[in-house]
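[1] Return a 3D structure for these sequence lines:
(chains A, B, C and D)
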Protein chains: 2
Amino acid sequence: MLHAEPIEGIAIITREVQTVPRRRVSAEQIALDVVTLIGSRGFQPGDRLREQELADRFNVSRGPVREALRILEARSIVHLEPMRGATITRLKDDEVLDAVAAAGALFGLVCRLACERRTNIDIAKIAEKISQLETLCDEYSSPRQFFTQTLRIGRSIGQAARSPRLMRMVEDTRFGAPDYFGPLGFTSEKLRQEALRNWKAIQTAITERDATVADDLGRKVHDNALAAALLAVA
Amino acid sequence: MLHAEPIEGIAIITREVQTVPRRRVSAEQIALDVVTLIGSRGFQPGDRLREQELADRFNVSRGPVREALRILEARSIVHLEPMRGATITRLKDDEVLDAVAAAGALFGLVCRLACERRTNIDIAKIAEKISQLETLCDEYSSPRQFFTQTLRIGRSIGQAARSPRLMRMVEDTRFGAPDYFGPLGFTSEKLRQEALRNWKAIQTAITERDATVADDLGRKVHDNALAAALLAVA
DNA sequence: GTCTACCATATTGTTGACAATATTGTTTTC
DNA sequence: GAAAACAATATTGTCAACAATATGGTAGAC
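    Residues are numbered from 1 along each chain as shown, chains lettered A, B, ... in the order given. A predicted model of the protein is given here:
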């Protein structure tokens, strides 16, 4: 199992956007904070998470902490065993492959739906994000910035697909395999150029409403990111 | 939104099978019971679930109930709003379409993986289940039995794919749109015959390790079931 | 009659205490 | 010295009470 760069830019989408933003319930805030800590390597996969420990750290009682752990379990971020507590999920390599494949299959579907449901405004937003990606391609750009920008593009396409539920599934699935979805697959200019080409192709397919091609390409960006990440650590 | 037959045969997979079965924690039992109640129409989509009410019904305190609601929220069975409680999810029609498409995309992937990872034993198990399906095809068989058997076939294929995580995603996603995954799509002998043909084709594809065909067919059984269900209520 | 402000009630959010179970260390036995 | 039985500790599961917030109804102003 690989462990490389801290995650960033992947947020837990707990519920739809409210017109009037409500006070965030502490369980969700705690879940978010734990994720952030994992991202910044404050917690490692395999670590045991003790309820009282978390409760002390976040200055709440164990109740909200237990709810937070349920939230994280649902996203496969932690693993709960009855009477034995929570550990941060450590996926086996083949489970990671499956997670990437699943994310790809779902994102392919998102791209397909985006073809049918996009408006011109959606196209403009996607195009804008991709042109920003272009400026992050050269040899002096950071893999991290590039990666973050690809996440933004993905979300724009998700918006065009008008299916926040599906997009949440994609992000949840990605989260199961963070190390393969970090900047690891974009460490060389060549890799970034190839990724850029793929994203541009997706943009074209969505613009032309070519659902089949968009579906294939949506899967391909995931496969490529995985392959590149695997090479990077080989 | 449609509401037809009670659900059956769809279980919540909360965790892997333990070698030594542990006492089930009450939160999970409660979640299971609520699902059963929804299935038997004791609760309807849109219904409000009050914590104290559930606590009284199941003879526990509100703590475990709250955890159960988090479990159900994670599977999109209930919808939680801060300070406003839980309601049983009522999907809009287009959300149902997306859920079906997502389940199809994921099950296509499961079929693809099954092609690569299957053993002869897996093939035998799948074949056995499909031959049982064949006996449920004639005009005197119940749509319900037929439907239940298709679920069993799906699980056999899931086993062959060696990815319980993925299979859980498929079942969770299906759960989001129960009314379209009930026996509604198998109400005529003609529909059952067509479904049987598809499952047989999947069996052949997996036997011959033809991943592309298996993927397509895995998606197709979902699309067909949806189309048939839509016609049934039109 | 309708709207608004207010109050009573209902419901969710949080807490600390206690019970049940698991884990760890120690002692005992061979 | 190794293994098993036991005791001490740590950790999770559950509960009941309290606090914070939302809901629904009533009274009063216009």
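[2] Dump the helix or strand that contains A:Val35 to PDB, keeping only the CA atoms.
    Element membership for A:Val35, per DSSP states H and E: helix A:26-39. Output in PDB follows, covering the C-alpha atoms of helix A:26-39 (Å, rounded to 0.1, in the frame of the first residue of the first chain):
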ATOM      1  CA  SER A  26     -20.700  19.100  15.300                       C
ATOM      2  CA  ALA A  27     -20.600  15.500  14.200                       C
ATOM      3  CA  GLU A  28     -20.100  16.700  10.600                       C
ATOM      4  CA  GLN A  29     -17.500  19.200  11.600                       C
ATOM      5  CA  ILE A  30     -15.600  16.500  13.500                       C
ATOM      6  CA  ALA A  31     -15.800  14.200  10.500                       C
ATOM      7  CA  LEU A  32     -14.400  17.000   8.300                       C
ATOM      8  CA  ASP A  33     -11.600  17.700  10.800                       C
ATOM      9  CA  VAL A  34     -10.600  14.100  11.000                       C
ATOM     10  CA  VAL A  35     -10.400  13.900   7.200                       C
ATOM     11  CA  THR A  36      -8.300  17.100   7.200                       C
ATOM     12  CA  LEU A  37      -6.000  15.500   9.800                       C
ATOM     13  CA  ILE A  38      -5.700  12.400   7.700                       C
ATOM     14  CA  GLY A  39      -5.000  14.600   4.700                       C
END
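[3] now check it, is it near DNA strand D?
    No: shown here: helix A:26-39 not in contact with DNA strand D (CB under 7 Å from any atom of the strand), separated by at least 11.3 Å. (C-beta placed from N, C-alpha, C; glycine too.)
[4] Determine how far whichever helix or strand comes after that helix lies from the middle of the whole chain.
    With elements assigned by DSSP H and E, the helix or strand that comes after helix A:26-39 is strand A:48-49. From the chain centre to the centre of strand A:48-49 is a distance of 23 Å (CA atoms, centre = their mean, to the nearest Å).
[5] Next: stretch A:140-152.
    Computed by CA atoms, centre = their mean, the chain-centroid distance of stretch A:140-152 equals 13 Å.
[6] average model confidence for that stretch?
    Stretch A:140-152 shows a mean pLDDT of 91.
[7] again, but for stretch A:209-222
    The average pLDDT within stretch A:209-222 is 96.
[8] mind listing what's buried in it?
    Within stretch A:209-222, the residues that count as buried by 16 or more other CB atoms under 10 Å in any protein chain shown are A:210-211, A:213-222.
[9] contact partners of that stretch?
    Contact with stretch A:209-222 is made by A:100-101, A:103-105, A:107-112, A:114-116, A:118, A:150, A:157, A:195, A:198-199, A:201-202, A:204-206, as judged by CB atoms under 8 Å, 6 or more residues apart in numbering or on different chains.
[10] number of nearby residues for the nearest residue to A:Pro183 once chain neighbours are set aside?
    In this structure, A:Pro183 finds its nearest non-sequential neighbour in A:Pro143, 3.5 Å apart by CB to CB, 6 or more residues apart in numbering or on different chains. By other CB atoms under 10 Å in any protein chain shown, 19 other residues sit near A:Pro143.
[11] check contacts around A:Pro143.
    A:Pro143 makes contacts with A:183-184, A:186-187, A:192, as judged by CB under 8 Å, 6+ apart.
[12] what secondary structure does the residue lying farthest from the centre of chain A sit in?
    Here chain A reaches farthest from its C-alpha mean at A:Met83, the gap being 30.6 Å by CA atoms, centre = their mean. The local conformation at A:Met83, judged by DSSP: H, G, I helix; E, B strand; the rest coil, is coil.
[13] burial of A:Asp47, as a residue count?
    A count of neighbours around A:Asp47, defined by other CB under 10 Å, yields 15.
[14] cool, the one 10 residues further on as well?
    For A:Arg57, the number of neighbouring residues by other CB under 10 Å comes to 14.
[15] Just confirm it is within a helix.
    Yes: looking at A:Arg57 with three-state DSSP, it is inside a helix.
[16] hmm, back to that, quick check: phi and psi at the residue farthest from the centre of chain A.
    Dihedral pair for A:Met83: phi 60, psi 10, per degrees, to the nearest 10.
[17] residues contacting A:Leu113?
    A:161-163, A:166, B:98, B:101.
[18] What of A:Gln159?
    Residues near A:Gln159 by CB under 8 Å, 6+ apart: A:122, A:125, A:167.
[19] 10 Å instead, please
    Shown in contact with A:Gln159 (CB atoms under 10 Å, 6 or more residues apart in numbering or on different chains): A:110, A:114, A:117-118, A:121-122, A:125-126, A:167.
[20] next helix or strand past whichever strand or helix holds it?
    Here A:Gln159, judged by DSSP H and E, is contained in helix A:143-161. Sequence-wise, the next helix or strand downstream of helix A:143-161 (DSSP H and E) is helix A:164-175.
[21] Helix A:26-39 and that following helix, what's the angle between them?
    Interaxial angle, helix A:164-175 versus helix A:26-39 (axes from the mean of the first three to the mean of the last three CA atoms, to 10 degrees): 40 degrees.
[22] In three-state terms, label A:Tyr140 for me.
    Under three-state DSSP, A:Tyr140 falls in the coil class.
[23] With A:Thr87 instead?
    For A:Thr87, the assignment made with three-state DSSP gives strand.
[24] Would you agree it is in contact with A:Arg48?
    Yes: between A:Thr87 and A:Arg48 there is a contact at 5.3 Å, judged by CB atoms under 10 Å.
[25] Please identify the buried residues of the biggest helix by length in chain A?
    The longest helix of chain A (DSSP state H) is helix A:93-117. Using 16+ other CB under 10 Å as the test for burial, helix A:93-117 gives A:95-115, A:117.
[26] same deal with stretch A:49-57?
    Across stretch A:49-57, burial judged by 16+ other CB under 10 Å covers A:49, A:51, A:54-55.
[27] Thank you, goodbye.
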